[in-house]
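In: requesting a structural model of the entry that follows:
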Amino acid sequence: MGMEGFVALYIFMLAAFTGYEIISKVPVILHTPLMSGSNFVHGIVLVGAMIAVGHAEGFWESVIAFIAVVLAAGNAVGGYVVTERMLEMFTSSKKED
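Out: Numbering: from 1, shown residues only. I've put the predicted structure just below:
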């Protein structure tokens, strides 16, 4: 792993720490809008993973990029499912006749 790999690892660790610190300070009332915004980011991650598949040159690069696409798609779909379930908690349980 060259210097580029260490820089990428440093940026990843810094982003993970910063994201954790920011999310942990969010009040409970804002979690639903925050999930909606994070679903948008998951979509961007999915597009980036698909671009990585397109630029993969070797076998292992293709395998890792494909796994990234699968995980990003699962993350995006899971985020929308969780958001939908959270929004269902705010609907009225009374049936209108």
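In: can you list the buried residues in stretch 47-56?
Out: 49, 52, 56 (16 or more other CB atoms under 10 Å). Every C-beta, even on glycine, is put in place using the N, C-alpha and C of the backbone.
In: dump those to CSV, plus pLDDT.
Out: Converted to CSV, the buried residues of stretch 47-56 look like this (pLDDT from 0 to 100):
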residue, pLDDT
Ala49, 86
Ala52, 86
Ala56, 85
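In: just checking, which of these belong to helices?
Out: 49, 52 (DSSP state H).
In: ok, of the buried residues of stretch 47-56, which one's closest to Lys25?
Out: The nearest member of those to Lys25, counting by CB to CB, is Ala49 at 28.5 Å.
In: sec struct for Val70, please.
Out: The three-state label given to Val70 by DSSP: H, G, I helix; E, B strand; the rest coil is helix.
In: what number of residues lie near it?
Out: 12 (other CB atoms under 10 Å).
In: can you tell me how far it sits from Val81?
Out: To Val81, Val70 is 16 Å away according to CB to CB, to the nearest Å.
In: again, but for Glu88
Out: Going from Glu88 to Val81 by CB to CB gives 11 Å.
In: mind putting the buried residues of stretch 47-56 in JSON lines, distance to Ser62 included?
Out: Converted to JSON lines, the buried residues of stretch 47-56 look like this (distance: CB to CB, whole Å):
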{"residue": "Ala49", "distance to Ser62": "12"}
{"residue": "Ala52", "distance to Ser62": "9"}
{"residue": "Ala56", "distance to Ser62": "4"}
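In: the helix or strand containing Gly54 packs against which elements?
Out: According to DSSP states H and E, Gly54 maps onto helix 31-55. If contacts are counted by 3 or more CB pairs under 8 Å, 6 or more residues apart in numbering; DSSP states H and E, helix 31-55 sits against helix 59-88.
In: having no further points to raise, I will conclude here.
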